[in-house]
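1. Attaching a predicted model along with its sequence, questions to come.
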Amino acid sequence: MATTQTEVRGKTVATKNTRRNEIIAIALFALSVLLTLCMIPFSYDPNDPSWNSSASGTVHNWIGIIGSNIAEFFFQLFGLAAYLLPLLLFAAAWRRFRTKHIHAPLFRVVGLVTLLLAASALLQVFGAPKPFDGKFESGGLAGALIASIFKGGFNTVGAAILLFALAATGLLLATNFSFVRAYEWLASEFGTRFTFTRAIPEKFSAWRTARRERAQMRMEMRQAARAEREQLREAESKLRNKSGAERVADFMSEELPGAEGAGLAGAAIQRSARAAQTVTPSTQSVQVAEGIKLESAAVAASASELSVPQPRTLT
């Protein structure tokens with residue numbers, strides 16, 4: 001039976017960026033930069049002339065009178081949540097530059113609007129302070145309206161939970177952000193850096209065990225030293241209570257290790273010591289008399305030697 005094999009080679013097709021995509025990306029990027037310069041605190045001045053202000057004079061906004069009117073419109077409508085607009089436009093520009101086209105643009109727009117409205121309502125629910133000397137609400141007109149509706153039906157806690165859910169949904173629709181990928185990235189980046197915290201309980205228990213063992217060892221050493229001191233005291237007290245004869249007998253009973261005939265020498269010394277102890281006064285006097293006689297005999301012999309005349313030699 002003949003078999004046929006088909007080889008399929010995977011080819012990586014590079015994304016082609018057409019001129020139209022590049023032009024759209026540049027336009028979105030320029031728009032995000034213009035909105036940023038319109039609304040940053042260094043540029044926006046609530047006293048600049050605009051559609052919501054009757055002031056006249058020098059315009060302090062970096063983008064001029066048009067920038068002042070645009071910033072005033074977005075701040076009045078979305079409040080501080082308007083700062084999300086430049087970020088989202090920059091993300092859209094980057095996405096447009098890297099891909100051929102944006103998938104499901106309608107859902108992207110819906111997600112953008114949902115994210116802006118939910119963020120402005122959350123600012124209003126949590127009572128963020130009014131910026132720029134109270135020129136507008138922190139959540140804008142849209143945030144104040146949505147917050148009042150949600151708080152009236154769900155109170156503050158319920159409104160906050162629902163608005164957080166809407167904001168997360170809008171973020172997922174407006175961008176390619178994924179909470180699962182974010183969690184995996186955080187786990188891969190920081191999971192290995194904090195592994196030492198898992199070993200803290202084991203290290204602590206090992207340290208406590210070692211400390212307990214060292215304390216037990218020190219206690220045993222103190223008990224052994226105390227017992228040794230008590231033995232030394234008992235031995236010293238026994239030595240102090242012994243008489244002189246007992247001390248000599250103990251000394252004589254000890255054998256010198258490694259010496260030849262040590263036992264015999266010790267026995268002889270013991271016998272001589274006992275003989276010395278058993279001498280009576282009468283025997284001591286006899287020994288003294290004999291010693292005197294021997295000395296007198298020696299003196300007489302020496303004198304006789306001196307008195308004997310020497311013989312004369314004959315000529």
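-> That came in fine, so what should we check first?
2. show me the residues around residue 162 that make contact.
-> Residues near residue 162 by Cβ atoms under 8 Å, 6 or more residues apart in numbering: 150, 154. Any C-beta I mention is one placed from the backbone N, CA and C, and that applies to glycine too.
3. Report pLDDT for it.
-> Note on residue 162: pLDDT of 94.
4. For residue 82, see how far away it is.
-> As for residue 162, its distance to residue 82 is 22 Å (criterion: Cβ to Cβ, to the nearest Å).
5. Ok, residue 148 next?
-> 20 Å.
6. Mind checking which of those two has more residues around it?
-> residue 82 (23 against 14; other Cβ atoms under 10 Å).
7. That one - nearest residue in space that isn't next to it in sequence?
-> Spatial nearest neighbour of residue 82, excluding adjacent residues (Cβ to Cβ, 6 or more residues apart in numbering): residue 74 at 3.9 Å.
8. next one: residue 122
-> In space, and not counting its chain neighbours, residue 122 is closest to residue 163: 4.9 Å by Cβ to Cβ, 6+ apart.
9. Report the rounded mean pLDDT for the strand or helix carrying residue 106.
-> Using DSSP states H and E, residue 106 falls within helix 105-125. For helix 105-125, mean pLDDT rounds to 89.
10. list the buried ones in it?
-> Buried residues in helix 105-125, defined by neighbour count with 16 or more other Cβ atoms under 10 Å: 108, 111-112, 114-125.
11. nearest to residue 22, of those?
-> residue 108 (19.1 Å; Cβ to Cβ).
12. separation between that closest one and residue 168?
-> Counting by Cβ to Cβ, the separation of residue 108 from residue 168 is 16 Å.
13. continuing past the strand or helix carrying residue 182, what's the next helix or strand?
-> Assigned by DSSP H and E, residue 182 falls within helix 179-190. With elements assigned by DSSP H and E, the helix or strand that comes after helix 179-190 is helix 200-241.
14. send the alpha carbons of the helix holding residue 106 over as PDB?
-> The C-alpha trace of helix 105-125 is given here as PDB (Å, rounded to 0.1, in the frame of the first residue of the first chain):
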ATOM      1  CA  PRO A 105     -13.200  49.200  15.600                       C
ATOM      2  CA  LEU A 106     -16.800  49.600  16.800                       C
ATOM      3  CA  PHE A 107     -16.100  47.600  19.900                       C
ATOM      4  CA  ARG A 108     -13.000  49.600  20.500                       C
ATOM      5  CA  VAL A 109     -15.000  52.900  20.400                       C
ATOM      6  CA  VAL A 110     -17.600  51.400  22.800                       C
ATOM      7  CA  GLY A 111     -14.900  50.200  25.100                       C
ATOM      8  CA  LEU A 112     -13.300  53.700  25.100                       C
ATOM      9  CA  VAL A 113     -16.500  55.500  26.000                       C
ATOM     10  CA  THR A 114     -17.400  52.900  28.600                       C
ATOM     11  CA  LEU A 115     -14.000  53.200  30.300                       C
ATOM     12  CA  LEU A 116     -14.200  57.000  30.300                       C
ATOM     13  CA  LEU A 117     -17.700  57.100  31.800                       C
ATOM     14  CA  ALA A 118     -17.000  54.400  34.400                       C
ATOM     15  CA  ALA A 119     -13.700  56.200  35.500                       C
ATOM     16  CA  SER A 120     -15.500  59.600  35.800                       C
ATOM     17  CA  ALA A 121     -18.300  58.000  37.800                       C
ATOM     18  CA  LEU A 122     -15.800  56.300  40.100                       C
ATOM     19  CA  LEU A 123     -14.100  59.600  40.800                       C
ATOM     20  CA  GLN A 124     -17.400  61.100  41.700                       C
ATOM     21  CA  VAL A 125     -18.500  58.200  43.900                       C
END
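15. Noted, bye for now.
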